[in-house]
Every structure is written in structure tokens, then in C-alpha cells.
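Peer 1: pasting the structure only:
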């Protein structure tokens, strides 16, 4: 299964996010060479006239931001997610 992340080029240019987009691409290329269990893998990137599309590994359940906005974590859950984020950042 795959997930698509679709970005509008007009929004990227309007918000001056070219540098962020390039950094995200570099991170995905790094992960492809040496996978990290706490970061999703990108299987491909392509573009149309108006959009940039990332074809990514599908992970059910939503991303961390989705859960942060939906519920208050217990201390145990917060420790667990903090450890995952720490390992991912250490990898990067």
C-alpha cells in the first residue's frame, strides 16, 4: 500500500518553501539508502504542471501530529513517542 503526499506548487512558491521541499527530498533519499524504522520511506517523487507528488510508504493510524491534536497522551505514551522521535532525529 502507498500514500500520496500532494503539494501545490503555487503554495510552495507563495510561502517560499522551496528550501524546505529540497530538505524533505534529501531526507527521503537518505532514508531510501538506509531505512529507519521510525521514518516513512518515499518510493518516488514526480510532478505535474501544478503539483509535486511524493509516493510514500503507507502507515495506518495517522501521523504523530494527528494524534497530538486528537488526544492527550499519558506519560507512558509521551515517553514512547519521544523515544521514537529521538531515535529518528539521531538517525538524521
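Peer 2: Yep, it's here. Keep in mind that what you see is a predicted model, and the values were worked out from it rather than measured. Numbering: from 1, shown residues only.

Peer 1: distance from the chain centre to the lowest-mean-pLDDT helix or strand in the chain, please.
Peer 2: Least confident helix or strand, the chain: helix 64-70 with a mean of 89, by mean pLDDT, DSSP states H and E. Here helix 64-70 is found 14 Å from its chain centre; the criterion is CA atoms, centre = their mean, to the nearest Å.

Peer 1: the protein: helices as residue ranges?
Peer 2: 9-14, 18-33, 64-70, 75-91 (DSSP state H).

Peer 1: show me what the shortest one is in contact with.
Peer 2: I take that to be helix 9-14. 17, 18, 21, 47, 50, 51, 52 (CB atoms under 8 Å, 6 or more residues apart in numbering). For every residue, glycine as well, the C-beta is placed using N, CA and C.

Peer 1: list the buried residues in that helix.
Peer 2: Of the residues in helix 9-14, none is buried under the neighbour-count criterion (16 or more other CB atoms under 10 Å).
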